[in-house]
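1. Fold the following for me, if possible:
(4 chains, ligands or ions: 4)
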Protein chains: 2
Amino acid sequence: MSTPARKEAADWLTHAELKIHDAGLHRSTPRQKVIDLLADQDCAITALEMDQRLSGVGRATVYRAIEQLEDLGLVQKVDLGKGAQGFEKIDPSGHHHHHLVCEHCGRVQSFEDERLEKAIHRIHRRGFTVESHEITLRGRCSDCARPEPMSVSRPAPTGSRINAGARL
Amino acid sequence: MSTPARKEAADWLTHAELKIHDAGLHRSTPRQKVIDLLADQDCAITALEMDQRLSGVGRATVYRAIEQLEDLGLVQKVDLGKGAQGFEKIDPSGHHHHHLVCEHCGRVQSFEDERLEKAIHRIHRRGFTVESHEITLRGRCSDCARPEPMSVSRPAPTGSRINAGARL
DNA sequence: TATCAGATTGAGAATCAATCTCAAAATAGA
DNA sequence: TCTATTTTGAGATTGATTCTCAATCTGATA
Ligand SMILES: [Zn+2]
Ligand SMILES: [Zn+2]
Ligand SMILES: [Zn+2]
Ligand SMILES: [Zn+2]
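-> Ligands and ions are numbered 1, 2, ... in the order given. As a prediction, this is how the structure comes out:
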């Protein structure tokens, strides 16, 4: 397939590999696996999930690679709620999305909103150089509509916590 | 003093105590200390910091109280960067601020922007009920202006990681 | 005020993510 | 090929958060 998303992923991969090389880093198999996995994702993935999915790559290497990619401006951390941290690639074109997180089941959706981006870019505070921004909308997805019956515990719905980019 | 901030703090405290009571929770000294401490803060404070500042209150109680207050919609978690989680009170009036986080030293400033709020409120996605939002701008504070000389390590500036509401 | 069911507490253990260590292995360039 | 550098990963360590559960406290009622 050759959806725009797939093209963007390829762009990012090329761009990432170039920057890695320029930084004088070696081209090692374990790190490359981490990069390839990130290139495949449309949205955030946690470090631990990467570690689980990548056989033949040590935990330390996963965390190290993520940190290097962060330093090179190739990936960014995103807050997935409930204290979970995820990482997703930063597209060189600047194209990006933000997140809707269901407080109840933890499901994550992505969204884009041009008006919001404009408002963000208009913000300037003296003495502070803004380099990036993160926006998270919290609430309830359709599966978890309120009002919740006054049950004691919260039987969280099943399913992946991260739902790749349904562009609504 | 009786600044607007101080008044808001008092409002929150009253509101919080009422909600605690309505929820059928007892009025215990340890939990009250947690609530009082939160009422005093203008911006986010970490759970561990609360634990350190509160003598005569067990760690478990601090975390428990925070969770209860979260469930009652009285406090919210905020991402302070570097994986640090903070908590701050939610004013019943809906008045709130967002955060600027220095990627280099971790300093946190708060800001308000009406235009941004308007843009946020205009966002609607079918099947998702937005209940709250979190916005974080990342970058460099004046003390940590780029470009950073190609030093090996990062000598983070000293000082508190959280800088209360300088409304710029 | 006495009583008691239910709420609350906290010391310490347990869990879980993330970081660190360092000897061994892999890489890039000469 | 040779070697200086970079990279790796198993396991130990750290640090934050959660859990456990017997002892204590509270609020409501008699
Ligand atoms: Zn995403
Ligand atoms: Zn944006
Ligand atoms: Zn704040
Ligand atoms: Zn807002």
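2. just the strands in chain A please.
-> Secondary structure of chain A, counting by DSSP state E: strands at A:75-79, A:85-89, A:98-102, A:108-111, A:128-141.
3. so of the ones you listed, which one's packed in deepest?
-> strand A:98-102 (a mean of 24; mean count of other C-beta atoms under 10 Å in any protein chain shown). (C-beta placed from N, C-alpha, C; glycine too.)
4. Would you give the sheet partners of it, along with the direction of each?
-> Sheet pairing of strand A:98-102 (DSSP bridges) gives strand A:108-111 (antiparallel), strand A:128-141 (parallel).
5. Strand B:75-79 and the longest one, what's the angle between them?
-> Taking axes from the mean of the first three to the mean of the last three C-alpha atoms, to 10 degrees, one finds that strand A:128-141 is oriented at 130 degrees with respect to strand B:75-79.
6. hey, C-alpha coordinates of strand A:128-141 in CSV?
-> Provided in CSV are the C-alpha atoms of strand A:128-141 (Å, rounded to 0.1, in the frame of the first residue of the first chain):
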residue,chain,number,x,y,z
PHE,A,128,10.9,31.3,27.0
THR,A,129,11.6,29.7,23.6
VAL,A,130,8.8,27.2,22.7
GLU,A,131,10.2,24.3,20.8
SER,A,132,7.2,21.9,20.9
HIS,A,133,3.8,21.4,22.4
GLU,A,134,1.7,18.6,23.7
ILE,A,135,-2.1,18.7,23.9
THR,A,136,-4.3,16.0,25.5
LEU,A,137,-8.0,15.9,25.6
ARG,A,138,-9.4,13.7,28.3
GLY,A,139,-12.9,12.3,28.6
ARG,A,140,-15.0,9.3,27.6
CYS,A,141,-15.0,7.3,24.5
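7. What mean pLDDT does that strand get?
-> For strand A:128-141, mean pLDDT rounds to 94.
8. How about stretch A:13-20?
-> Average pLDDT, stretch A:13-20: 96.
9. before we move on, back to that, let's have the strands paired with strand A:98-102 in CSV, adding distance to residue B:116.
-> Shown next, in CSV, are the strands paired with strand A:98-102 (distance: least, C-beta to C-beta, whole Å):
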stretch, distance to residue B:116
strand A:108-111, 16
strand A:128-141, 9
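10. Going by contacts, tell me the helices and strands next to the lengthiest helix in chain A.
-> Longest helix in chain A by number of residues (criterion: DSSP state H): helix A:4-22. Contacts defined by 3 or more C-beta pairs under 8 Å, 6 or more residues apart in numbering or on different chains; DSSP states H and E place helix A:4-22 against helix A:29-40, strand A:85-89.
11. quick one: buried residues of it?
-> Within helix A:4-22, the residues that count as buried by 16 or more other C-beta atoms under 10 Å in any protein chain shown are A:8-9, A:11-13, A:15-17, A:19-20.
12. Mind putting the helices and strands packed on helix A:4-22 into TSV with mean pLDDT and distance to ligand 1?
-> Listed next are the helices and strands packed on helix A:4-22 as TSV, based on pLDDT from 0 to 100; distance: least, C-beta to the ion, whole Å:
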stretch	mean pLDDT	distance to ligand 1
helix A:29-40	98	12
strand A:85-89	95	5
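13. Return the most buried member of the ones you listed.
-> Among the helices and strands packed on helix A:4-22, ranked by average contacts under mean count of other C-beta under 10 Å, first place goes to strand A:85-89 (a mean of 21).
14. Does it reach chain B?
-> Yes - contact of strand A:85-89 with chain B (C-beta under 8 Å from any C-beta of the partner chain) involves residue A:85.
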